[in-house]
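K.L.:
Predicted model, plus sequence, below.
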Amino acid sequence: MRISFNFSYLRLYFGLIIIGLLFIPIFNFVVDSYNIYPSPKIQGFNAIKPEFAGHMRMAKAIDIDIDRFHPDGIALGSSRTSAGIDPEHSGWNKSISCCYNLGIHGANIYEIMRHFQHSHKLSPLEQVALGLDFYMFNHYKQNSEDFDESRLSVTSDGMPNSDYRIHDLLPTLISADACLASITTIKKQLNDGKSYLHLLNGQWEWSHNKVRIKKAGGHHKAFINNEKSYISNTWFPEPYNQYSFIDPETKSSTFEYYAILLKTAYRYHIDLRIFISPSHVRQWEALRAAGLWPLFEEWKQKLVEINEQEAARSGEPRYPLWDFSGYNSLTTEDVPPDGDSETQMKWYWESSHYKKELGDLVLDRIFDYHHLERIVPDDFGVLLTPKNIIAHLVQIRAKQREYQRLHPEDVAEIEELAKNWQKSLIFD
Amino acid sequence: MLPQFAEKSSLRFNAENMAVGLTIFFIGLFKKVVLADGVAVYASPVFDAALNGFTLTFFEAWGGALAYTFQLYFDFSGYSDMAIGLGRMFGIRLPLNFHSPYKAVNIIDFWRRWHITLSRFLRDYLYIPLGGNRKGPLRRGINLMITMLLGGLWHGAGWTFVIWGGLHGVYMLINHAWQGFRRLLGQDIKKSSFVGRLASMTLTFTAVVVAWVFFRAESFDSALSILQSMIGLNGFALPETYLGYLNRLFSLGTRLAELGWQFERIEFFKGIREIASLGFLLLLVWFAPNTQQLMARYRPAFDTYKGKSESSCWQWMQWQPRRRWAIVCSVVTLLAILGLTRVSEFLYFQF
């Protein structure tokens, strides 16, 4: 009797497991919470993808491998690019068949270089708008936890990676994380602003940002939170709380990744347009208060120098490198006073993230595109060259002093943030 | 154990052995990938931070130390269950290796329950050849210390492992001395009340947690720094939102703030989520039946200590090849399989 008991037990046990192992991947494939499978998007079931934002590196790397995409134009950079740069702007080359926003939140320059290589391997790139941020070049800014070389179509030394497509299959189909993500996706099908969403072209969807800013207590609060986070973490990440271009052990520099990116772009005649993000002046004030201004200036000089070197090596004209940072008529937009949660800013969400409207002006400038209803102020965006870089830096310093004279309250508030952070480091 | 390999019935398919073996194997895998890996996220960052010179606050340090305590147990006992289960699928009974060690009421008891195969090896091939307890209390103490120090070194070539072994040696000496003292007073050391047992279990568990800090830490300094934080020398801090919650309880938040508690963004303590996870695992290791007890009807492991795997849990909780257990075990198996791979997440919110 016991033997038949055991056999029926095993039959039921294995039967249930087989049913589970068949049902679970089909369920996760159909829901497609990361937007990486060719599943239909059904309104009210899975059309909205709230899990995309938290798994952006995987989702975007696979997204551009889908046949309908294979973009030959990409906007590359960090969350500033993701938020502000429109891949459907009319200034992109007309010959581009598909353009995608490959901005990746919190990416360092190595991750950006690797995603550039990946994208170029999938389909040769014709045009790239590369948004650069100072934090990206900090050696202590480690690769993000969700960055994984194995899912990229090319290895770091340029060799093809044939297994990249199978890398995410198992975890995204048969894992507890994938099941939970599918359940979350089905539950969160109302675009009610509780989830950060992305458009199909990779750009950060902004329709609920105004409400979010309001709920956060207004722009002023959002600015302060952002500046705090930059001072205490983004520029000085845990656990080292340091900024350096150089790895103290290997003596290698983060600029090497920038150089590799440029070298590839020059070799394949990619139309690369480089720009330094147009964050708000309060961000630059926070950077100065944190003691990083000399490094920030050095960073810009190195960007210019390496661009010049790589251009000379390839025998090509140098890529345009635009500086939108600093103290110009748009980046100095007034921030509503503390407590005002109603007033909406025209160009900024907070200190570092600019709105699509400002991103459009950036693209107008770097693509030399003239829109009938948009005028780009003359002081917005300076083309950096080895000849003008020093004068440009001197000019920014003069404008900085002028800003400080006219906005003593903003400056005092930011300096207070930096002081508090320094104190917290001492007590640690 | 070895004669089993010569038996004809071994290595032949047997539905009962297969059912029992699979159940034990997947309980083990579940322990490893769901429980151990699940709680590891609270442990590793804390020890890494201490190694990098980061000063932790009270709850961060305790969270990390407790998380590692559970991680190690579920990891190791999970692997042991998997080995026992795999053996059983082929009709081989392997020796018991863990028997709810955190339920131990003293350190001597702990070492009868933790990594039993190693304890037996050290006893038979080191402690007894050194003279064991046959040459008087002083030699017994020395033999015990030598055994535990070498036992520590066996785990890894580093001073932190030696200190861990030494600490357990000292615990054992205190334990023997205490038992001797109680005997002198004419007390029966086998008799104890529930409250007394719970207090002994808590004390033993705390001593084990403290020792694990040395075992896990990659440097003596970082272990010391974590222990300093665990006794409150580096202050108390809770996430800033907790001030409001605690103030709803007779303004407790403000009172604690007045005592010097900080309410701020803290890196390595995840608040209520971490407390709930650690609390659940503590209840599990203290009060839940272990694999051997669940499978008691089928003598899952080769008994190395008489009565070790005897059941102490309710009859209805014991596994039998019936429908409800097939459903429970298939769910455990599926959860274990689903836990084998993970999708990394990076949350990035600005406003």
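P.N.:
Thanks, I have it.

K.L.:
mind checking how far the residue in the stretch 151-300 of chain B positioned nearest to chain A is from B:Leu51?
P.N.:
Using CB to the nearest CB, the single residue of the stretch 151-300 of chain B nearest to chain A is B:Glu267, 6.2 Å away. No exception for glycine: its C-beta is placed from N, CA and C like everyone else's. From B:Glu267 across to B:Leu51, the span is 14 Å (CB to CB, to the nearest Å).

K.L.:
Return the set of buried residues in the strand or helix carrying B:Phe47.
P.N.:
Here B:Phe47, judged by DSSP states H and E, is contained in helix B:37-51. Of the residues in helix B:37-51, those buried by neighbour count under the rule 16 or more other CB atoms under 10 Å in any protein chain shown are B:Asp37, B:Gly38, B:Val39, B:Ala40, B:Tyr42, B:Ala43, B:Pro45, B:Val46, B:Phe47, B:Ala49, B:Ala50, B:Leu51.

K.L.:
which strands and helices sit next to that helix?
P.N.:
helix B:58-89, helix B:220-230, helix B:272-287 (3 or more CB pairs under 8 Å, 6 or more residues apart in numbering or on different chains; DSSP states H and E).

K.L.:
What does the pLDDT read for B:Tyr348?
P.N.:
pLDDT recorded at B:Tyr348 is 68.

K.L.:
now swap in B:Lys306 and tell me
P.N.:
So, for B:Lys306, pLDDT stands at 55.

K.L.:
repeat for A:Asp428
P.N.:
If you check A:Asp428, the pLDDT there is 47.

K.L.:
dump the residue contacts of B:Gln318.
P.N.:
B:Gln293, B:Leu294, B:Met295, B:Ala296, B:Arg297, B:Ser311 (CB atoms under 8 Å, 6 or more residues apart in numbering or on different chains).

K.L.:
between those residues, which is nearest A:Leu292?
P.N.:
Taking CB to CB as the measure, A:Leu292 lies nearest B:Leu294 of the contacts of B:Gln318, at 58.8 Å.

K.L.:
was I right about the closest one contacting B:Trp316?
P.N.:
No - with contact defined as CB atoms under 8 Å, B:Leu294 does not reach B:Trp316; the gap is 11.1 Å.

K.L.:
Those two: who's more crowded?
P.N.:
B:Leu294 (20 against 7; other CB atoms under 10 Å in any protein chain shown).

K.L.:
Tell me which of the helices and strands packed on helix B:37-51 is the most buried.
P.N.:
helix B:58-89 (a mean of 23; mean count of other CB atoms under 10 Å in any protein chain shown).

K.L.:
Give me the mean pLDDT for that helix.
P.N.:
Averaging pLDDT along helix B:58-89 gives 96.

K.L.:
Now do it against helix B:220-230, angle only.
P.N.:
110 degrees (axes from the mean of the first three to the mean of the last three CA atoms, to 10 degrees).

K.L.:
what about helix B:58-89 and chain A, touching?
P.N.:
No - Helix B:58-89 lies apart from chain A when judged by CB under 8 Å from any CB of the partner chain; the minimum separation is 11.2 Å.

K.L.:
May I see the buried residues of whichever helix or strand comes after that helix?
P.N.:
Using DSSP H and E, the helix or strand that follows helix B:58-89 towards the C-terminus is helix B:107-113. Counting neighbours by 16+ other CB under 10 Å, one finds that the buried residues in helix B:107-113 are B:Ile107, B:Asp109, B:Phe110, B:Trp111, B:Arg112, B:Arg113.

K.L.:
Chain A contacts on the stretch 201-350 of chain B?
P.N.:
Looking at chain A, the residues of the stretch 201-350 of chain B close enough under CB under 8 Å from any CB are B:267, B:321-323, B:325-327, B:329-331, B:333-335, B:337-350.

K.L.:
most centrally placed residue in chain B?
P.N.:
B:Tyr73 (3.5 Å; CA atoms, centre = their mean).

K.L.:
Looks like that residue contacts B:Pro101 (just checking).
P.N.:
Yes - shown here, B:Tyr73 and B:Pro101 form a contact pair, counting by CB under 8 Å, at 6.9 Å.

K.L.:
Who are the contact partners of A:Asn328?
P.N.:
Here A:Asn328 is in contact with A:Pro377, A:Asp379, A:Phe380, A:Lys399 (CB under 8 Å, 6+ apart).

K.L.:
Can I get those in a markdown table including distance to B:Arg273, neighbour count and secondary structure?
P.N.:
As requested, those are exported to a markdown table (distance: CB to CB, whole Å; neighbours: other CB atoms under 10 Å in any protein chain shown; DSSP: H, G, I helix; E, B strand; the rest coil):
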| residue | distance to B:Arg273 | neighbour count | secondary structure |
| --- | --- | --- | --- |
| A:Pro377 | 48 | 11 | coil |
| A:Asp379 | 49 | 15 | coil |
| A:Phe380 | 45 | 20 | coil |
| A:Lys399 | 47 | 18 | helix |
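
K.L.:
For B:Tyr79, list the residues it contacts.
P.N.:
By CB under 8 Å, 6+ apart, the neighbours of B:Tyr79 are B:Gly28, B:Lys32.

K.L.:
returning to what we had before: next, give me the two most distant ones among the buried residues of helix B:37-51.
P.N.:
Across those (CB to CB), the longest gap, 22.6 Å, separates B:Gly38 and B:Leu51.

K.L.:
so where's the stretch 301-428 of chain A uncertain?
P.N.:
A:426-428 (pLDDT under 70).

K.L.:
buried sites along the one helix or strand A:Lys419 maps to?
P.N.:
A:Lys419 belongs to helix A:408-427 when elements are defined using DSSP H and E. Neighbour counts over helix A:408-427 (16+ other CB under 10 Å) mark A:Asp410, A:Val411, A:Glu413, A:Ile414, A:Leu417, A:Ala418, A:Trp421 as buried.

K.L.:
Which stretches in the stretch 101-250 of chain B count as strands?
P.N.:
B:237-238 (DSSP state E, counting those that start in this stretch).

K.L.:
And the contacts of the helix holding B:Phe47?
P.N.:
Contacts for helix B:37-51 (CB under 8 Å, 6+ apart): A:238-239, B:56, B:60-61, B:63-65, B:67-68, B:70-71, B:74, B:216-219, B:222-223, B:225-226, B:267-268, B:270, B:274, B:277-278, B:281, B:339.

K.L.:
got the CA coordinates for that helix in CSV?
P.N.:
The C-alpha coordinates for helix B:37-51 follow below in CSV (Å, rounded to 0.1, in the frame of the first residue of the first chain):
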residue,chain,number,x,y,z
ASP,B,37,20.1,34.7,0.2
GLY,B,38,17.0,36.8,1.2
VAL,B,39,18.5,37.9,4.5
ALA,B,40,22.0,38.3,3.1
VAL,B,41,21.0,41.7,1.7
TYR,B,42,20.9,43.0,5.3
ALA,B,43,24.3,41.5,6.3
SER,B,44,26.9,42.0,3.6
PRO,B,45,26.6,45.9,3.3
VAL,B,46,27.0,46.2,7.1
PHE,B,47,30.2,44.2,7.2
ASP,B,48,31.6,45.8,4.0
ALA,B,49,30.9,49.3,5.5
ALA,B,50,32.7,48.4,8.7
LEU,B,51,35.6,47.1,6.7
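
K.L.:
report the angle between the axes of that helix and helix B:220-230?
P.N.:
110 degrees.

K.L.:
Next, the contact list for residue 141, please.
P.N.:
Unless you meant another one, I'm taking chain A. Per CB under 8 Å, 6+ apart, neighbours of A:Lys141: A:Asn108, A:Tyr135, A:Thr234, A:Pro237.

K.L.:
wait, I meant chain B there
P.N.:
Contacts of B:Gly141 (CB under 8 Å, 6+ apart): B:Leu173, B:His176.

K.L.:
hmm, try it at 7 Å
P.N.:
B:Leu173 (CB atoms under 7 Å, 6 or more residues apart in numbering or on different chains).

K.L.:
do the same with A:Ser79
P.N.:
A:Gly103, A:His105, A:Gly106, A:His353, B:Tyr348.

K.L.:
hang on, the earlier thing: filter the contacts of B:Gln318 down to just the ones in strands.
P.N.:
Counting by DSSP state E, the contacts of B:Gln318 place none of their members in strands.

K.L.:
Tabulate those residues in TSV, adding columns for pLDDT.
P.N.:
Converted to TSV, those look like this (pLDDT from 0 to 100):
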residue	pLDDT
B:Gln293	90
B:Leu294	92
B:Met295	92
B:Ala296	88
B:Arg297	88
B:Ser311	54
